[in-house]
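Peer 1: Just to be clear, the model below is a prediction. Sequence and coordinates:
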Amino acid sequence: MGGNPVPIPTKNPDDRILCIEDLRKSALKKLPREVADFINCGSTDQITIHENTTAYNKYRVRSRVLIDVSKADTSTICFGQRSSFPLGCSPAGIQGLAHPDGELATARACAKKGVPMAISSFANYSIKDIRSAGLGVGPIKHAMQMYTLKNRELEEGIIREAERQGCTAIFLTADSPVLGVRYNEWRNDFRTPDGLGFPIYGWDTEKIRKQTHDDSFTNITDDSHNWARDIPWLRSVTNMEIWIKGVVTAEDTLMAIQLGCDGIIVSNHGGRQLDGVPATIDALPECVAAAQGRIRIHVDGGIRSGTDMFKAIALGAEYCWVGRPIFWGLS
Ligand SMILES: Cc1cc2nc3c(=O)[nH]c(=O)nc-3n(C[C@H](O)[C@H](O)[C@H](O)COP(=O)(O)O)c2cc1C
Ligand SMILES: O=C(O)C(=O)c1ccccc1
């Protein structure tokens with residue numbers, strides 16, 4: 001266990017990557033402006049994205065001393081499988097933006113580290129290729145991220161394929177009836193770059209390039225999504241675990257319990273959806289209190305260090321996930 005990270009040798013000590021902030025800065029130097037903006041920005045006034053990280057600074061660690069840490073073990077269980085430490089890769093679309101191998105590289109890295117990965121339905125590789133890339137390195141559990149789709153046959157087809165490929169859970173992203181208002185994407189006319197497709201939806205690069213990012217999202221997802229219709233439907237078509245991603249309130253925690261979901265991810269989509277919602281670390285305690293142990297609770301948003309993970313777990317999360325650091329690492 002432990003030891004300091006081995007710095008990647010560089011000529012300039014300032015370029016050494018020792019923490020996630022160093023990784024972010026390094027990525028900023030490499031990515032084109034519109035890509036960096038797409039990844040790094042939040043919605044409208046950037047309030048929630050900002051608070052996701054800064055809210056962690058309000059919490060202090062009541063450290064206990066004279067405890068034997070020589071055999072400390074960071075491992076835990078996620079989706080019934082041992083995980084080397086409590087951090088997985090959140091579902092994040094278009095990872096081909098940051099490296100040609102995109103989600104394949106993320107799957108290999110997760111397998112190497114012994115942590116799970118959630119596959120975005122807007123991945124640039126197929127579920128089969130991503131699963132195979134991870135399993136080629138070691139056992140790894142995958143969650144399949146889904147939106148409620150306008151086309152139910154397409155939605156069911158994706159679920160069947162996720163099952164065939166051995167995915168463990170569905171992460172139903174519930175905070176995105178429509179895409180968040182992101183001025184950067186409009187200003188830059190952000191479009192998925194040439195050569196990248198959305199194979200899970202059967203979309204090739206030509207089809208995607210004809211539309212704005214916003215339109216490609218709106219054309220496929222269903223803004224009439226709701227608890228009463230969609231969760232029982234999901235339950236009726238699959239035995240995979242059902243997790244609701246995007247919960248930030250006690251009320252919705254209780255809805256997820258009532259509808260028999262397996263878990264929630266306390267998430268605000270990294271501040272990319274409705275701006276002004278609470279930082280996830282602030283929302284977590286009310287969700288944990290409402291749940292009273294009746295549903296599993298994971299968290300993402302602004303987690304950038306082991307201390308952040310410690311705080312999230314101390315406040316009741318079982319497991320943590322990260323989004324943007326995937327892109328920074330890939331780039
Ligand atoms: C570039 C990018 C793409 C994302 N794509 C998806 C997606 O396809 N589906 C989804 O549920 N969440 C998506 N997310 C949100 C992440 O799953 C996650 O909730 C968020 O990034 C966590 O916050 P963090 O980036 O501060 O770690 C995306 C996030 C980013 C930054
Ligand atoms: O940008 C996002 O947050 C997101 O969820 C998404 C949706 C479609 C494609 C890529 C990312």
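Peer 2: Sure thing, it's come through. Ligands and ions are numbered 1, 2, ... in the order given.
Peer 1: which stretch of helix or strand covers Pro177?
Peer 2: In this assignment (DSSP states H and E), Pro177 forms part of neither any helix nor any strand.
Peer 1: Check the gap between the closest residue to it other than its chain neighbours and Glu153 for me.
Peer 2: By the measure of CB to CB, 6 or more residues apart in numbering, the closest residue to Pro177 outside its immediate chain neighbours is Asp223, 4.3 Å from it. Any C-beta I mention is one placed from the backbone N, CA and C, and that applies to glycine too. The gap separating Asp223 from Glu153 is 19 Å, by CB to CB, to the nearest Å.
Peer 1: okay, Thr10: pLDDT?
Peer 2: Confidence at Thr10, expressed as pLDDT, is 68.
Peer 1: Likewise for Gly3?
Peer 2: With respect to pLDDT, Gly3 scores 61.
Peer 1: if we can go back for a sec, got phi/psi on the residue nearest to Pro177?
Peer 2: For Asp223, the backbone dihedrals are phi -80, psi 0 (criterion: degrees, to the nearest 10).
Peer 1: Isn't Gln211 up against Asp189?
Peer 2: No. Using CB atoms under 8 Å, Gln211 is not in contact with Asp189, being 10.9 Å away.
Peer 1: between the two, who's got more neighbours?
Peer 2: Relative neighbour count places Gln211 above the other of Gln211 and Asp189, with 15 against 9, counting by other CB atoms under 10 Å.
Peer 1: what's the spacing between the nearest residue to the more buried one once chain neighbours are set aside and ligand 2?
Peer 2: Distances taken as CB to CB, 6+ apart place Asn219 nearest to Gln211, at 7.0 Å, with adjacent residues excluded. Here the distance between Asn219 and ligand 2 works out to 11 Å (CB to the nearest ligand atom, to the nearest Å).
Peer 1: same question, Ile244
Peer 2: When distances are taken as CB to the nearest ligand atom, Ile244 and ligand 2 turn out to be 15 Å apart.
Peer 1: Quick one: neighbours of that residue, just the number.
Peer 2: Counted with other CB under 10 Å, the burial measure for Ile244 works out to 26 neighbours.
Peer 1: The helix or strand where it lies close to ligand 1?
Peer 2: Secondary-structure element containing Ile244, defined by DSSP H and E: strand 241-247. Yes. Contact between strand 241-247 and ligand 1 is present through Lys245 (criterion: CB under 6 Å from any ligand atom).
Peer 1: Surely the residue nearest to Pro177 touches Ser176?
Peer 2: No. Checked against CB under 8 Å, the pair Asp223 and Ser176 is beyond contact range at 9.2 Å.
Peer 1: So if I had to pick from those two, which one is more boxed in?
Peer 2: Just comparing Asp223 and Ser176: by other CB under 10 Å the higher neighbour count belongs to Ser176, 19 against 10.
Peer 1: Name the SS class of the residue lying closest to Val247 once chain neighbours are set aside, please.
Peer 2: Sequence neighbours aside, Ile264 is the residue nearest to Val247 in space, at 4.4 Å (criterion: CB to CB, 6+ apart). What DSSP: H, G, I helix; E, B strand; the rest coil gives for Ile264 is strand.
Peer 1: Might you report the residue contacts of Ile264?
Peer 2: Contacts for Ile264 were tallied using CB atoms under 8 Å, 6 or more residues apart in numbering; they are 243-245, 247, 252-253, 256, 287, 291, 295-298.
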